[in-house]
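**Q** can't give you the sequence, but here's the structure:
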């Protein structure tokens, strides 16, 4: 069974000299887990018992299509009115604890590894009804309607329920857990889990139009982003703009897995 990394906050002691490796360039950003302290969290309107690390947001001249939060909910925390934008679709992925999610009056009990897609305009609410803290990723994107194509429906599933697709020629060392079929044109974003066994690789520099958010759920790797090789581990986050090259080599003795956002299935906007 997978164990996903969730930040715990806190603050380094005053006698610690900063040797952290946060990076922000015109091509990518790298936020190590040690940078996710108490003082960089945000509080959100109409939420109770919540704090959030907002690790990606649309920025002109950089990545522009999505926002990603790591939300920590205290017992009895949550929101009856969580989403302020009627055009925003979302994915919820649980990394610790359990939550109660209600979508259009249908109740879902979700535990670690649980995944939910929330279409734009749906009525949803969320609450931690347990006695322990719960943590989840909340990825938001403004949905792009297309004439003649229906909007997708809400669905709830989990990492454990979804069989990974093996990458050709990888001898099973590289796979992707896909929660949406690649040919389903209703969806304009995919949030998947990419899996590598030790020594598994992306054997070329991926260079493509999709933006990425990559949160390392478990394991570690050497990850190449643009011109740099970076050692990454569970809890680290990478944010790549369009056409930023990437490849990796999984290290250690356990699987390397990351939650991956990308925008898909739409024409590029010709006017920004």
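**A** Cool, the structure landed. Every value quoted in this text rests on a predicted model; they were computed, and no experiment measured them.

**Q** what about the stretch 151-272 of the chain, any weak spots by pLDDT?
**A** Scanning the stretch 151-272 of the chain for pLDDT under 70 picks out no residues.

**Q** Let's see that with 80 instead.
**A** Scanning the stretch 151-272 of the chain with the threshold set as pLDDT under 80 gives 272.

**Q** Now for residue 222, how many residues are close by?
**A** If you count neighbours by other CB atoms under 10 Å, residue 222 ends up with 15. C-betas here are computed from N, CA, C, even on glycine.

**Q** Report all helices and strands that the helix or strand where it lies contacts.
**A** Per DSSP states H and E, residue 222 falls inside strand 220-225. With contacts defined as 3 or more CB pairs under 8 Å, 6 or more residues apart in numbering; DSSP states H and E, strand 220-225 has these neighbours: strand 228-233, strand 237-240, strand 246-251.

**Q** Out of those strands, which one sits most buried?
**A** Mean neighbour count, computed with mean count of other CB atoms under 10 Å, is highest for strand 237-240 among the helices and strands packed on strand 220-225, reaching a mean of 24.

**Q** How far does the strand holding residue 222 sit from its chain's centre?
**A** 17 Å (CA atoms, centre = their mean, to the nearest Å).

**Q** Flag every buried residue along that strand.
**A** Residues of strand 220-225 classed as buried by neighbour count (16 or more other CB atoms under 10 Å): 220-221, 223-225.

**Q** Residues contacting it, please?
**A** Contact partners of strand 220-225, identified using CB atoms under 8 Å, 6 or more residues apart in numbering, comprise 27-28, 30, 196, 205, 229-234, 238, 240, 244-252, 256.

**Q** and of the helices and strands packed on strand 220-225, who's closest to residue 85?
**A** Residue 85 sits nearest to strand 237-240 of all the helices and strands packed on strand 220-225, at 20.5 Å, using CB to CB.

**Q** So for residue 18, what's the pLDDT?
**A** Residue 18 carries a pLDDT score of 72 in this model.

**Q** One more: residue 14?
**A** For residue 14, the model assigns a pLDDT of 85.

**Q** Turn the buried residues of strand 220-225 into JSON lines, including distance to residue 75.
**A** Output for those, formatted as JSON lines (distance: CB to CB, whole Å):
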{"residue": "220", "distance to residue 75": "32"}
{"residue": "221", "distance to residue 75": "35"}
{"residue": "223", "distance to residue 75": "36"}
{"residue": "224", "distance to residue 75": "41"}
{"residue": "225", "distance to residue 75": "38"}
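
**Q** of all those residues, which two lie farthest apart?
**A** Across these, the longest distance by CB to CB is 15.2 Å; it joins 220 and 225.

**Q** What residues does the nearest residue to residue 201 once chain neighbours are set aside make contact with?
**A** Using CB to CB, 6 or more residues apart in numbering and skipping residues adjacent in sequence, the residue nearest residue 201 is residue 249, 5.1 Å away. By CB under 8 Å, 6+ apart, the contact set of residue 249 is 199-201, 221-222.

**Q** just to revisit the earlier point, could I get the helices and strands packed on strand 220-225 as CSV with distance to residue 152?
**A** CSV is the format used below for the helices and strands packed on strand 220-225 (distance: least, CB to CB, whole Å):
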stretch, distance to residue 152
strand 228-233, 31
strand 237-240, 25
strand 246-251, 27
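
**Q** and of the ones you listed, who's closest to residue 102?
**A** For residue 102, the closest of the helices and strands packed on strand 220-225 is strand 237-240, at 28.4 Å, according to CB to CB.

**Q** Mind listing what's buried along stretch 138-152?
**A** Neighbour-count burial for stretch 138-152 flags 138-141, 143-144, 152 (criterion: 16+ other CB under 10 Å).

**Q** Widest-spaced pair of those residues?
**A** Spatial extent of those (CB to CB) is set by the pair 138 and 144 at 19.4 Å.

**Q** before we move on, the earlier item: do you know which of the helices and strands packed on strand 220-225 lies nearest residue 45?
**A** strand 237-240 (24.0 Å).

**Q** For the closest one, enumerate its sheet partners and note whether each is parallel or antiparallel.
**A** Each strand paired with strand 237-240, and its direction, by DSSP bridges: strand 28-31 (antiparallel), strand 212-218 (antiparallel).
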